[in-house]
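Q: what would the 3D arrangement of this be:
(2 chains)
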Number of protein chains: 2
Amino acid sequence: MPSLRDIRTPALVLERGILTRNIAVMAARMQPHGVALRPHLKTAKCAQVAKLATAGQFGGITVSTLAEAAYFAGHGFRDITYAVGIVPAKLGAVAELQRDGTIVRLLTDDVTVAEALAVRATALGTTFHVCVEIDTGGQRGGGAPESDALLGIARRVHESPALCLDGVLTHAGQSYATPGAEAARAVAATERAGVVRAAERLRAAGLPCPVVSAGSTPTAVHATSLAGVTEMRPGNFMFFDLTQVGLGSCTVNDVAVSVLASVIGHTSDGNRALVDAGSLALSADTSANAHLPGVGFGIVGDLWGRPLDGAAAFPLASPRTAPPAASPAPGYLAARIARVHQEHGFIESMTPLPLDALPVGTRVRILPNHACITAAMYDAYHVVDGSDEIVALWPRARGW
Amino acid sequence: MPSLRDIRTPALVLERGILTRNIAVMAARMQPHGVALRPHLKTAKCAQVAKLATAGQFGGITVSTLAEAAYFAGHGFRDITYAVGIVPAKLGAVAELQRDGTIVRLLTDDVTVAEALAVRATALGTTFHVCVEIDTGGQRGGGAPESDALLGIARRVHESPALCLDGVLTHAGQSYATPGAEAARAVAATERAGVVRAAERLRAAGLPCPVVSAGSTPTAVHATSLAGVTEMRPGNFMFFDLTQVGLGSCTVNDVAVSVLASVIGHTSDGNRALVDAGSLALSADTSANAHLPGVGFGIVGDLWGRPLDGAAAFPLASPRTAPPAASPAPGYLAARIARVHQEHGFIESMTPLPLDALPVGTRVRILPNHACITAAMYDAYHVVDGSDEIVALWPRARGW
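A: Down below sits the predicted model:
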């Protein structure tokens, strides 16, 4: 069997045991709420992961690009929500994807787009399923639940014989602004209240609204009530990352993806080790630093993903067979990627790094800031399961 | 002919006229110095661009990954410098690339790696060409020009019959820290002095040093003397970007790459337009803000790349046939991508944006912060030449 000791670095590593545990935990969270899980595959972009994430669920998924929609349709997924506002120029591609019975559900918050959807659906000989996008505080896409425009858009969709009004959809992106369970619970309550209110307004106006869709990873993890919501669309939860650690959605031990890198040198001042993973291999995303100041571009672990802190053994010891019981102490910030160039990363630490234990060629695993963006830099996952042995290679979709 | 009006967004656009002008200007800069241009292809990763950048030059190129080395070797480039410190685990792949006579020149600053290079070259039946990496202030890879280690590494390489000591190489990465021509000239002088001093020490010790390699885009643009340097390795200059605008290496009119995006909505507060280019389409790189504060994730232009400032016509007018004579006034910051999510970008402006002129479906072109990182998100360039007509599709290499 190939091992993480042998493959070319940098490479993307996925811990199957952590992945399946994260998926099981989220499924168990949704179950008592009685809401469907429509996992967002923008993070994983991988059919094997999608099959695990939809096992025991109703089978619907969420995507962020038409390239993902095409990829997952090609892998047998037939109920797909494309959760980015649609523009008319993309409708020919959507109609093409729907030719075999796949549904690619669309999103709009614009009445002129609703008009164009009706015209184009007829011209293309297809039916477009549409959710009206609702803003519940994220101030990205969507109109307010109380907006005048909401009913006009919904009615325009409903009145067209070539369109199907499926309901309302929201993403409370402000769940990423404030860390902690209490803040996430409050955002989840706002998200639920807003999207349910929009649904009630549609129904009061005599319009159908079977779908009431919400969700981000922080709100799905922390929601106390999802009454009136029919489906949740978290995505990052499968992998988690340092941003989610900072938000309080998970611990470091729940992070399923990492970047395998090699030490390629030491800086001439003797204080830092260089690795062959820079802003392309890790992404230039620094979002985790908002809630974990100083985390830089990622936490550095050993070949088995154990953070290189004062507690970790030097030289590197036996493989981890099960995740540690508890999250590492704040000392886990001891070794981090402090700076990146395109293909260089700089390992720095708050305490002097034992560089003698990190000679050129040493392999490390870097836990990413933002798994969605880091994973997007790669064509495949090297799948491991608690050791350095590679048990599978899972391809990823990419592009737009 | 296909047009930028028709293709799926987001997409990467390359202005051929600006590209060829940037290449000609750099070639003219190098010519009076009498130094060879070994362009760094880490930015372009494209054979068509490499052919333009090496036309009239000696044909050598620089790469940042072994995947680039394999790609360019496959396109007939035979003299390649891999300008990232080598680790022994990658030598099998290097030997494979050298089987047909291609040279993939390697870099080290570590005597144990020099030992491993000798052992592995013999075992693999190949010759490795080696430059010793010198730190001239960038504090990335390399030892100091005066370091004790330098001669030991060089001697170890020279003494092995399976290795060829080609010389010394440096990259003064600190050229990105301070803006302005004067600062860049000072860094260029430091870079030159350091790498030439290292070469002199090798020669004084009876060691060969035919290659004295230096260069970054800012130092190549601004160097006043390159005496003793044999080759320069700038890369970004082909495309330029907002980071280079901020540093003073170029103007906005010299930026050859941009991201074509579609307006997909407006935020509910009516202040911002949303586009379908977020942190994957633009990259999460914010480096340009160090010297152009407030530039966010890129400057927004119209379909022809003209910045949407007070001076630009609304609604969008006729195509640009030649670059404007002068750089836009500070008002070019009027429209920028202020924030990104994975597939969403937010156009904001310092003055109220005429959102009526940016209805859903409007196509814009975004000048990137850091062309190397933004371009890496795409598989190909849509090549245009002063209009919206697409004249070619040029593929890119990717991965590691």
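Q: how about the nearest residue to A:Tyr381 once chain neighbours are set aside, secondary structure?
A: Counting by C-beta to C-beta, 6 or more residues apart in numbering or on different chains, A:Tyr381 lies nearest to A:Leu14, which is 4.0 Å off, once chain neighbours are set aside. C-betas here are computed from N, CA, C, even on glycine. Recorded secondary structure, A:Leu14: strand (DSSP: H, G, I helix; E, B strand; the rest coil).
Q: what residues are bridge-paired with A:Leu14?
A: Assessed by DSSP bridges, A:Leu14 has beta-bridge partners A:Val257, A:Val383.
Q: OK, contacts around it?
A: With contact set as C-beta atoms under 8 Å, 6 or more residues apart in numbering or on different chains, A:Leu14 has these partners: A:Val49, A:Phe239, A:Ala256, A:Val257, A:Tyr381, A:His382, A:Val383, A:Val384, A:Trp394.
Q: kindly report the same for A:Val13.
A: So A:Val13 contacts A:Leu4, A:Val257, A:Ser258, A:Val259, A:Leu260, A:Gly305, A:Arg365, A:Tyr381, A:His382, A:Val383, A:Val384 (C-beta under 8 Å, 6+ apart).
Q: ok, it to A:Ile23 distance?
A: 18 Å (C-beta to C-beta, to the nearest Å).
Q: in the strand or helix carrying A:Phe72, which residues are buried?
A: Following DSSP states H and E, one finds A:Phe72 within helix A:66-74. By 16 or more other C-beta atoms under 10 Å in any protein chain shown, the buried positions in helix A:66-74 come out as A:Leu66, A:Ala67, A:Glu68, A:Ala69, A:Ala70, A:Tyr71, A:Phe72, A:Ala73.
Q: and whatever helix or strand A:Val391 lives in, anywhere near chain B?
A: Secondary structure from DSSP H and E places A:Val391 in strand A:390-395. No. Against chain B, strand A:390-395 shows no contacts by C-beta under 8 Å from any C-beta of the partner chain, the least distance being 12.4 Å.
Q: pretty sure A:Val111 sits against A:Gly152.
A: Yes. Assessed by C-beta atoms under 8 Å, A:Val111 is found in contact with A:Gly152 at 5.5 Å.
Q: near chain B, which residues of the stretch 151-300 of chain A?
A: A:173, A:262-265, A:267-269, A:274, A:276, A:279-281, A:283-287.
Q: in the helix or strand harbouring A:Thr190, what's buried?
A: Element membership for A:Thr190 (DSSP H and E) is helix A:181-204. Going by neighbour count (16+ other C-beta under 10 Å), the buried part of helix A:181-204 is A:183-192, A:194-199, A:201-202.
Q: where does pLDDT dip in chain A?
A: Applying pLDDT under 70 to chain A picks out residues A:309-334, A:350-354.
Q: centroid residue for it?
A: A:Asn236 (2.8 Å; C-alpha atoms, centre = their mean).
Q: going along the chain, name the helices of chain A.
A: For chain A, the helices defined by DSSP state H cover A:16-33, A:47-54, A:66-74, A:91-97, A:111-124, A:148-159, A:181-204, A:217-222, A:242-247, A:279-282, A:371-375.
Q: is chain B contacted by the last one?
A: Put plainly, it is helix A:371-375. Yes. Applying C-beta under 8 Å from any C-beta, one finds helix A:371-375 touching chain B at A:Cys372, A:Ile373.
Q: circling back: now the residue nearest to the centre of chain A, nearest residue through space, not along the chain?
A: A:Asn236 sits nearest to A:Thr217 (C-beta to C-beta, 6+ apart), 4.3 Å away.
Q: verify the stated contact: that neighbour with A:Arg233.
A: No. Contact criterion C-beta under 8 Å: A:Thr217 and A:Arg233 do not qualify, at 9.6 Å.
Q: name the residues that touch stretch A:15-25?
A: A:49, A:52-53, A:55, A:237-240, A:250, A:253-258, A:305, A:323, A:383-386, A:391-392.
Q: could you do stretch A:116-130 as well?
A: Contacts to stretch A:116-130, defined as C-beta under 8 Å, 6+ apart, come from residues A:86, A:88, A:91-92, A:94-95, A:98-99, A:103-108, A:114, A:156-157, A:160, A:162-166.
Q: buried subset of these, written for ChimeraX?
A: Per 16+ other C-beta under 10 Å, the buried members of those correspond to this ChimeraX selection:
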select /A:86,88,91,94,95,98,103,104,105,106,107,108,114,156,157,160,162,163,164,165,166
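Q: for chain B, see how far away A:Cys209 is.
A: Taking C-beta to the nearest C-beta, to the nearest Å as the measure, A:Cys209 falls 20 Å from chain B.
Q: burial of that residue, as a residue count?
A: If you count neighbours by other C-beta atoms under 10 Å in any protein chain shown, A:Cys209 ends up with 23.
Q: one more: A:Phe128?
A: Using other C-beta under 10 Å, A:Phe128 has 26 neighbouring residues.
Q: cool, the one 5 residues further on as well?
A: When neighbours are defined as other C-beta under 10 Å, A:Glu133 has 28 of them.
Q: so it is in contact with A:Arg105, correct?
A: No. Taking contacts as C-beta under 8 Å, A:Glu133 lies outside contact range of A:Arg105: 11.5 Å.
Q: for B:Gly173, see how far away the residue of the stretch 51-200 of chain A found nearest chain B is.
A: Of all residues in the stretch 51-200 of chain A, A:Gly85 sits closest to chain B, at 4.0 Å by C-beta to the nearest C-beta. According to C-beta to C-beta, A:Gly85 stands 40 Å off from B:Gly173.
Q: pick out whichever of those two has more residues nearby.
A: Neighbour tally, A:Gly85 and B:Gly173, criterion other C-beta under 10 Å: the higher count belongs to A:Gly85, 26 against 21.
Q: what's the burial count for the residue nearest to that one when sequence neighbours are not counted?
A: Of all residues not flanking A:Gly85 in the chain, B:Ile264 sits nearest, at 4.0 Å (C-beta to C-beta, 6+ apart). When neighbours are defined as other C-beta under 10 Å, B:Ile264 has 28 of them.
Q: ok, now which ones touch B:Ile264?
A: A:Val84, A:Gly85, A:Ile86, A:Val87, A:Gly141, B:Leu274, B:Val275, B:Asp276, B:His344, B:Val360.
Q: tell me the one of the residues you listed nearest A:Thr374?
A: B:His344 (18.4 Å; C-beta to C-beta).
Q: could you check how far that closest one is from B:Leu355?
A: The gap separating B:His344 from B:Leu355 is 16 Å, by C-beta to C-beta.
Q: the two: which is more packed in?
A: Comparing B:His344 with B:Leu355 by other C-beta under 10 Å, the one with more neighbours is B:His344, at 25 against 17.
Q: so who does the more buried one touch?
A: Applying C-beta under 8 Å, 6+ apart to B:His344 gives the contacts A:Val84, A:Arg140, A:Gly141, B:Ile264, B:Leu274, B:Val275, B:Asp276, B:Gly278.
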